[in-house]
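*Asks:* fold the following.
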Amino acid sequence: MIRARPLFIWLARIAVAAVFLGACIAKIRDPEAFALATHRYRLLPGELVNAVAILLPWLELTCGVALLAGPRRARAAAAFLLAGMLLVFTGAISLNLLRGIEASCGCFTTRADAAVSDGWNLLRNGALIWLSAMIFLNAWRAPARSKTS
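*Replies:* Numbers count the residues shown, from 1 in each chain. Next up, the predicted model:
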């Protein structure tokens, strides 16, 4: 089981990074459409929608790259940030489901006619939160490599 752990963590890093690297592409290509998708959630004040639409995809890109290629502490920070973002996204989807607001999650497409968020999005996010937590704990607890070895 001990030997399987590094493989599991590596596969988790690839999976979480792939999701966020894939998700940031449409948002970076069309920040205006992502701003509209963000606005459809009806959760942020209008002044923050554009800032979120511009900054969030670049944060997703940075964290995805750090998960794949960053040093141990950068991987821990990226996993922590991604888990936090996923908690916020999950809360936003849950709130809109409770309020009866039909909005696409805006995850992989910014199109207005994209599928509406549902329980599947919550399940996926729950799995990604768990994987991000495992990545964080592994990177945070891993012993620092000795500079002499």
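
*Asks:* residue 108: neighbouring residues, count only.
*Replies:* Close neighbours of residue 108, defined as other C-beta atoms under 10 Å, add up to 15. (Glycine included, C-beta is placed from N, CA and C.)

*Asks:* what's the weakest-modelled helix or strand in this protein?
*Replies:* Within the chain, no helix or strand scores below helix 31-40, which has a mean of 90 by mean pLDDT, DSSP states H and E.

*Asks:* now do it: which elements does it pack against?
*Replies:* helix 4-29, helix 46-69 (3 or more C-beta pairs under 8 Å, 6 or more residues apart in numbering; DSSP states H and E).

*Asks:* in what helix or strand does the residue nearest the centre of the chain lie?
*Replies:* Centroid-nearest residue in the chain, with C-alpha atoms, centre = their mean: residue 82, separated by 4.6 Å. Assessed by DSSP states H and E, residue 82 sits inside helix 72-99.

*Asks:* ok, then the element right after that helix?
*Replies:* By DSSP H and E, the next helix or strand past helix 72-99 is helix 119-141.

*Asks:* can you tell me what sits against that next one?
*Replies:* Applying C-beta atoms under 8 Å, 6 or more residues apart in numbering, the contact partners of helix 119-141 are 5, 8-9, 12-13, 15-16, 19, 67, 72-73, 75-76, 79-80, 82-83, 86-87, 89-90, 93-94, 97, 105, 107.
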